[in-house]
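**Q** Turn this into a structure:
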Amino acid sequence: MRRSRVRWRPVALLALPLALGAVLLACAAPTADPAPAPQMAAPEVLPYVDVSLRPSPLPDMVARTGVRSAVLAFVLSADGSCTPSWGGQTPITDPVVVEAARSLEQVTVATGGATGTYLENACPTPETLAGAYRTALASVGATRLDVDVETGVDAEKVVSALALLTGVDVTLTLPVQDAAHGLTAAALDLVRTVDAHGVDARVNAMVMNFPDEGDWSGAMLRATDTVVGQLDRAPSRVGVTLMLGRTDTGPVTTLADAAGVAGVARDRGIGAVGLWSVGRDNGDCPGNATASYACSGIAQTRYAFIRTIRDVSAGLAPPEDVTP
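**A** Sure thing, here's the model as predicted:
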């Protein structure tokens with residue numbers, strides 16, 4: 001390596017004291033306080049409601065909790081056709097559902113679910129499926145669509161239909177295999193198809209009804225972290241939904257468990273925390289050995305889960321009056 005050749009000149013020696021003085025002044029100058037850490041946005045609270053319930057619990061939920069967002073579940077095929085209906089039986093323009101939706105500020109329409117004939121399978125083409133989606137959304141004036149996929153569907157047809165929708169905020173609600181694997185293989189395939197088509201969709205993981213290995217609370221939290229890590233999207237475009245109280249597969253989600261999930265969601269910057277369901281968020285059947293559509297199966301006050309998730313998501317302590 002060659003040495004650089006520098007010719008020293010008197011002007012350089014004269015400049016040295018000036019440079020040293022500037023350094024000393026800079027060191028003595030007061031420093032600004034560090035900028036505060038950015039605040040995480042609170043996750044949305046999105047309770048699911050079974051629209052077949054009569055009367056609808058939505059107006060009472062809004063009055064007692066102040067939560068004015070909900071997911072109306074579920075839109076299914078009417079008689080195996082491409083015509084949308086509530087639960088496969090009730091007309092999509094049912095006045096009870098329409099009136100209940102008016103109590104909300106943010107309405108999401110959910111298709112699919114655990115049982116029934118999916119529009120996604122009954123509609124023959126992406127165009128007819130997109131039309132069915134539009135009809136369902138228009139029935140309650142919604143701009144949010146939640147496609148809950150818990151059975152086999154043609155991913156290309158579904159995603160092509162979603163790509164035809166404009167002005168619609170799309171969520172894919174998908175099952176979890178277990179805490180270690182996160183989303184099921186079929187769910188991940190649907191997510192990849194959505195991403196390949198450039199459809200912007202939130203992915204909502206159902207942290208429910210999967211093997212818990214004896215630690216249900218820990219399993220839900222681990223599954224949440226696994227899902228966030230396996231998705232190529234910002235945490236704000238991820239959601240988690242739990243099943244309150246007694247679940248279909250046996251484990252019980254307690255109020256403390258729900259607070260833990262909401263706390264992790266807030267810490268990770270997750271966009272939404274959902275729960276199944278409004279009609280079950282009561283203590284009318286404490287000690288039930290099996291899951292019920294009408295109650296949680298644990299001792300609790302009405303809407304204790306919604307209120308707990310509401311407060312913890314906002315960075316507050318859980319409410320104290322949640323048990324009798």
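**Q** Where does the residue nearest the centre of the chain sit: helix, strand or coil?
**A** By Cα atoms, centre = their mean, the mean C-alpha position of the chain lies nearest to residue 239, the distance being 2.5 Å. Secondary structure assignment for residue 239 (DSSP: H, G, I helix; E, B strand; the rest coil): strand.
**Q** Figure out how far stretch 123-139 is from the centre of its chain.
**A** With Cα atoms, centre = their mean, to the nearest Å as the basis, stretch 123-139 stands 23 Å off its chain's centre.
**Q** And for residue 139, the neighbour number?
**A** Residue 139 has 20 neighbouring residues, counting by other Cβ atoms under 10 Å. The way it works is simple: take the backbone N, C-alpha and C, and place the C-beta from them, glycine included.
**Q** Identify the residues contacting it.
**A** By Cβ atoms under 8 Å, 6 or more residues apart in numbering, the contact set of residue 139 is 84, 92-93, 97-98, 109.
**Q** Same question for residue 248.
**A** Contact partners of residue 248, counting by Cβ under 8 Å, 6+ apart, are 208-209, 291.
**Q** Then residue 289?
**A** Taking Cβ under 8 Å, 6+ apart as the criterion, residue 289 is in contact with 246, 297.
**Q** returning to what we had before: which of the contacts of residue 139 are buried, as a PyMOL select command?
**A** Restricted to buried positions by 16 or more other Cβ atoms under 10 Å, the PyMOL selection for these reads:
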select buried, resi 84+92+97+109
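**Q** For the contacts of residue 139, give me a markdown table that also has distance to residue 189 and pLDDT.
**A** As requested, the contacts of residue 139 are exported to a markdown table (distance: Cβ to Cβ, whole Å; pLDDT from 0 to 100):
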| residue | distance to residue 189 | pLDDT |
| --- | --- | --- |
| 84 | 25 | 98 |
| 92 | 29 | 98 |
| 93 | 34 | 98 |
| 97 | 32 | 98 |
| 98 | 35 | 98 |
| 109 | 24 | 99 |
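**Q** Just give me the closest of the contacts of residue 139 to residue 249.
**A** Proximity of the contacts of residue 139 to residue 249 (Cβ to Cβ) peaks at residue 109, which lies at 26.9 Å.
**Q** From what I see, that closest one and residue 137 are in contact.
**A** Yes. Residue 109 lies in contact with residue 137 (Cβ atoms under 8 Å); the separation is 5.5 Å.
**Q** thinking again about what came up before, tell me what the residue nearest to the centre of the chain is bridged to.
**A** residue 204, residue 272 (DSSP bridges).
**Q** That one touches residue 274, doesn't it?
**A** Yes. Using Cβ under 8 Å, residue 239 is in contact with residue 274, at 6.2 Å.
**Q** Find residues that contact each of the two.
**A** Jointly contacting residue 239 and residue 274 under the rule Cβ under 8 Å, 6+ apart are 46, 173, 204.
**Q** The second one: what secondary structure?
**A** Secondary structure assignment for residue 173 (three-state DSSP): strand.
**Q** count of residues packed around it?
**A** Residues lying near residue 173 (other Cβ under 10 Å) number 25.
**Q** contacting residues for it?
**A** Shown in contact with residue 173 (Cβ under 8 Å, 6+ apart): 110, 112, 146-149, 204, 206, 239, 241, 274.
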